[in-house]
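[1] coords please:
(one chain, ligands or ions: 2)
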Amino acid sequence: MAMGINGIITVPGDKSISHRSIIFGAMSNGVTTVNNFLNSADCQTTIKAFQAMGVKIEKHENQVVIHGNGHLSKPINTLNMGNSGTTTRLIMGLLSSQPFKANLVGDESLSRRPMSRVAEPLRLMNADIQTSETGTLPVDVNGKQLNGINYELPIPSAQVKSAIILAALNAKNKTTIIEPTLSRDHTERMLKLFSPKSIQKIDNSIIITPHCDIKAQTLIVPGDISSAAFWMVAATIIPNSNLIIKSVGLNPTRMGLVKVMQRMGANIQIINFKDTVEPTADLVVKSAQLNPISLNKEEVPALIDEAPLLALLAARADGISELHYLKELRFKESDRIKTVVEEFKKLGINIKELDDGFLIHGNRNWQLQNSHLDSHNDHRIAMTLKIASQLFNSDIFIENADCVDISYPNFFQDLKSLRS
Ligand SMILES: O=C(O)C1=C[C@@H](OP(=O)(O)O)[C@@H](O)[C@H](O)C1
Ligand SMILES: C=C(OP(=O)(O)O)C(=O)O
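    Ligands and ions are numbered 1, 2, ... in the order given. You can find the predicted model right below:
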């Protein structure tokens, strides 16, 4: 019998929540302690940016201690955002109201990604932001007194929403953000904890009251569901698997993949659910045969980072899956529609590029076409390809696979321990 994925695994802390814990810790007055912080390249970028703005931050393995003093100082040098879209966009919001000017740069991938989606609403608040001519990095932010706005989000982006929230906390008057489609709400949850008077939610509106107290906190970051997703998919598609994934963050705005997988016929049980500021649970996943799938527009934001994995699941489900509403994938670390199609074809998967997603003819008997795969320097593509390659007996090489450092530095060690 072929060897499945068996055992118990704990995934590292959530990337989105780790970034935000540094930001709110730095904005508060007092000592914030963050446990189970994600020690990855992107989160390190956020730590370094705040250290460069005069915030004392200490790191002891997975614990981070932030000594907030309620203000930021002008950075001496350009702030390097590395590969991290979340750091860049959230910091743009925060810097808009600071009494200094700062410049942001990033790596090649980040320098291709759109920043106007954040600059435009911030300018409506009176922010002074210069992007490149094409709306990308490098970006200059010259802090100004901001006004509150009423703003309806044109795209369901948590980064855009969070940038406006962070700017609004320091504006002259209240801000209302209307969210037609819900995106991840970690900023709202964390703000409610650090500063309950700052935020009010009424239906799909978020109302921010500026200049309320922000109090230091002690936090535990839940396991990252976007990292757990690799093991959920591996255990589902690799026969004879039975895996427990411990303490995974199950925020409803992040659980899209679990729900869609259950609809496809996956065997996932949620146990030990704990309803805290960020809910957590253990997941029990067993191998299953899957049905093809289609997506609703509203469920996409809750699985956007897991879309390459969803394409892999569809490739294993006999029948046609037409996956739409995924245009945002074109603006990630790589154009994930293009890179998934290019690399999946090498695996022998029948997949076509759509303007906003994928057309996949699922069939479990792929014939490997080319064993030299490319991560395109995109951590989620590297890990998706590594999981797919577990289905083959031949050796498969993935170019630049060490980019997994961005969100899951121990990914390969964890895979090895599950396979031994
Ligand atoms: O706010 C966040 O932490 C994130 C929001 C999402 O991006 P968008 O806001 O561009 O949808 C997601 O893809 C990214 O990995 C992390
Ligand atoms: C898109 C991602 O992150 P970011 O936007 O922060 O670079 C991701 O982690 O998949």
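[2] and the protein, what are its domain boundaries?
    Domains of the chain are assigned by automatic domain parsing as 6-12+221-419, 15-220.
[3] straight-line length of the last one, end to end?
    This means domain 15-220. Length of domain 15-220, first residue to last, Cα to Cα, to the nearest Å: 13 Å.
[4] what of stretch 192-206?
    With Cα to Cα applied, stretch 192-206 spans 11 Å between its terminal residues.
[5] and that stretch, what's its mean pLDDT?
    Average pLDDT, stretch 192-206: 98.
[6] likewise stretch 213-229?
    pLDDT averaged over stretch 213-229 gives 98.
[7] just stretch 290-301 next, same as before
    98.
[8] so what touches that stretch?
    156, 158, 181-184, 236-237, 253, 256, 259-261, 263-266, 307, 310, 313-314, 316-326, 328, 357, 360, 362 (Cβ atoms under 8 Å, 6 or more residues apart in numbering). C-betas here are computed from N, CA, C, even on glycine.
[9] mind listing which of the residues you listed are in helices?
    158, 236-237, 256, 259-261, 263-264, 307, 310, 313-314, 316 (DSSP state H).
[10] show me which of the residues you listed are buried.
    Those of the ones in helices among the contacts of stretch 290-301 that meet the buried threshold are Ala158, Thr236, Ile237, Gly256, Val260, Met261, Met264, Ala307, Leu310, Leu313, Ala314, Arg316, by 16 or more other Cβ atoms under 10 Å.
[11] list the contacts of the nearest residue to the last one once chain neighbours are set aside.
    So the one you mean is Arg316. Nearest residue to Arg316, sequence neighbours excluded (Cβ to Cβ, 6 or more residues apart in numbering): Ile237, at 4.9 Å. Ile237 makes contacts with Ser287, Leu290, Leu312, Leu313, Arg316, Ile387, Leu391, as judged by Cβ under 8 Å, 6+ apart.
[12] ok, now how distant is the second one from Ile225?
    This means Leu290. In this view, Leu290 and Ile225 are 19 Å apart by Cβ to Cβ, to the nearest Å.
[13] neighbour count: these two, which is higher?
    Set Leu290 next to Ile225 and count neighbours by other Cβ atoms under 10 Å: Ile225 wins out with 28 against 22.
[14] for Val11, see how far away that one is.
    To Val11, Ile225 is 8 Å away according to Cβ to Cβ.
[15] what do these two both touch?
    Val248.
[16] touching, Glu343 and Asp374? I think so.
    Yes. The pair Glu343 and Asp374 qualifies as a contact (Cβ atoms under 8 Å) at a distance of 6.4 Å.
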